[in-house]
Structure formats: structure tokens, C-alpha cells
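A.B. asks: Dropping a prediction and its sequence here:
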Amino acid sequence: MMLPIKIVATGLYAPGEPIGNEELKKLAGIEFNHEKIEEKIGIKQRHIAHFRNLNETTADFVTKSAEDALKNAGLSADDIGLFIVATDTPEYITPATAIVQQGRLQKGEKWSMSFDISASCASFTMAFDTSSRILANNPKIKYALITGVYNMPAFIRPGDKFSYPIFADGAASFILTKDDTGQSAYIGNQMLTDGTQFDFIGIYAGGSKMPVTKEVLEEEKNGLLSLKPMPGDRNVRLWPMVLEKLLAEYNTKAEEIDHYIFTQINRSVIIRVMEAINQPVEKAMMIMDRYGYTGSGCVPMAMHEGIKSGKIKRGDKVLFMASGAGLSVGSNLLVY
């Protein structure tokens, strides 16, 4: 059943001036094939706070992207009744980043609900689904603020020539409300999980299994670790499969979708997926050339850029599709 949910406004924040591939080599003290990164992956530049000497982290990113969305919506922070932050790079293990965000924006005790959703880089698709269902069924909440954010460069180990060229900082926020016009709608979702892949890539230190100790630091088990190589064709196989099930459930054809917004980790993979579903690549929003890969932030950041540029218009049908470590895949189908 379609839910009468509308994206009122969006906002984006990426810290500091962008960093090109040649400058990144110097700042990170690494060497990598920038031609491959640019041509295959599609990344030409990115934003990384600590390389611009900015003392900013996840909570700063979500607050600033939220302020941008509130300004674009013409709303006050006090209008928000639900805060959700979607991320696997939180400010703290606890309290939730969304609670910190609420405190910074609403400045104290308010009748609002705040929590995080963590499903690796698929987190934002889960947050969009969750917030839409809460909004549609809770008359006390008029506006929801959901933010996808990534601060993975804070967890990259020195000298990691695989991670630094790809992962970047960034956040984007949506303000949602119930739509009375019938123009906008949340059609539905399709999710997929395979938790047997939990030990491929992740941040394993800092939780209850492996608290950060002197030994963990000395043995260099902290930070982002890639333990097993991930199948190169994983998203090429999974995204069309998830899409097929989603479209069948909601009686929609691939050609009826105006814009496809996938996880922005690999340009060549997105092109292959668009070919596999027989859709023109021009329908796929791609922003990794400007922002790098921003995990749970990349889908809402791409949506924001599409709206800002005028490419995505009211009434357009949009698909979100995101994959995350662990493994988690999430998708949303909506009418903007």
C-alpha cells in the first residue's frame, strides 16, 4: 500500500574544499593508480575533513546538512518530531548520533523521537522506510528529519592505499511530511540480508567483542579492516535481482522509473547494472566524481544534487538502491 509521504526539502554538507587524486596522494602519503580510480570507479575528488585540518566529525556533518534542509524547507528545528541518523560511522557507540543532532538543533528537552539506524552503507534506505511508516501512522509527528552520513576516513588506517582513494566524508538530510495533495508517495521497499558475510570488511574494534585496548592498538586491529576480498560482481548480481522483486511486488516496469540512485561506490558497476536492466545510463544519478564514496550519505546526497540541478522534478518516480557490508541491500521506490 502506497504511503502519502512527501520529501519537503533536502540539504547537503561536505567538509572543506574538495581534494583531487594527485593532492590526496601527497596528503595521505600513498600511491595509487588515479587513472583507474577516475575511469573505472569514477572518483575524481572527494571531501575529507581531517585533511583540511577541520575538527569536524559525524555529529557536525549531520547537524550542518540538517540546517541546510531546514533552511530549504523554511522550517524551524522545533517543527521536527522525528530524528533518524543512518550511518555505520557514528559519533559515539552510545548515545545515538540522532540524539546528539536533536540536542544541537532543538537545544534541549522536546517532544521528539530520536534514534540511529545502522545497516552499513544500506542504512539510509532503511531509515527512509522506517521514517515513512512512522510518519504515516503517528498523527503526533508532522515532520521527520532523516540524515545519511559517512565519516569513514576517520577510521582509515595510515597508509591504506585502497581505502583513502574511495571513502569520503559527507551527509545529506531529508525532511519528510505527510502529503495531502496525492502528488508524492512512498510506494514501497525490498530488502535483502546475508549476515554470513559479516567478516569481509568492517570496523571490528570498539564493540563488546573487541574493546579498544593497548593490545588491540599495538596489533593494529583497530580502524577499517578488509579481511576477505569481496566478489567483484556482487552488486551486478544483487541489484537487478532486488529490483526485479521490488517491481513485481508493486506492479511497476523498469522503464516507468525516471531516476535510479544506486550506492555511489563504482561507476562501471552502475553502468553494467543499467545495461542488465535495459535502461539508459542517463537515468542513473552519479555524483562520485565530485564527492567520492560517502556510504550511507551517498544516496540522499545524489538525490539532493538531482533536485538542485533540476534533473529530478516533482512527480518523478525514483528508485533508491544501496548495498552495505555484512551484507545488507536496501531499496525504496517513491514518487518525488
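C.D. replies: Nice, thanks for sending it over.
A.B. asks: count of residues packed around the residue nearest to Arg52 when sequence neighbours are not counted?
C.D. replies: Nearest-residue entry for Arg52: Gly16, 3.2 Å, with adjacent residues in sequence omitted and distances by Cβ to Cβ, 6 or more residues apart in numbering. Quick note: C-beta positions are derived from backbone N, CA and C, even for glycine. Close neighbours of Gly16, defined as other Cβ atoms under 10 Å, add up to 15.
A.B. asks: ok, so what distance separates Gly16 from Gln183?
C.D. replies: As defined by Cβ to Cβ, to the nearest Å, Gly16 lies at a distance of 37 Å from Gln183.
A.B. asks: follow-up on the earlier one: for the residue nearest to Arg52, list the residues it contacts.
C.D. replies: Under the criterion of Cβ atoms under 8 Å, 6 or more residues apart in numbering, the neighbours of Gly16 are His47, Ile48, Ala49, Phe51, Arg52, Leu54.
A.B. asks: just Ser296 next, same as before
C.D. replies: For Ser296, the contacting residues are 86-88, 120-124, 148-150, 322, 324, by Cβ under 8 Å, 6+ apart.
A.B. asks: so Val159, which of the three states?
C.D. replies: Heads up, residue 159 is Gly, not Val. Put simply, Gly159 is coil when judged by DSSP: H, G, I helix; E, B strand; the rest coil.
A.B. asks: Next: Glu23.
C.D. replies: On the three-state scheme (three-state DSSP), Glu23 is labelled helix.
A.B. asks: how about it, what does it touch?
C.D. replies: Under the criterion of Cβ under 8 Å, 6+ apart, Glu23 has no neighbours.
A.B. asks: gap between the two ends of stretch 14-22?
C.D. replies: The straight-line separation of the ends of stretch 14-22 (Cα to Cα, to the nearest Å) is 19 Å.
A.B. asks: Between the contacts of Gly16, which sits nearest Gly195?
C.D. replies: Proximity to Gly195 was ranked across the contacts of Gly16 by Cβ to Cβ; first place goes to Ile48, at 30.3 Å.
A.B. asks: how far away is the closest one from Tyr143?
C.D. replies: 32 Å.
A.B. asks: of those two, who's got more company?
C.D. replies: Neighbours of Ile48 and Tyr143, each counted by other Cβ under 10 Å, are more numerous for Ile48; the result is 26 against 21.
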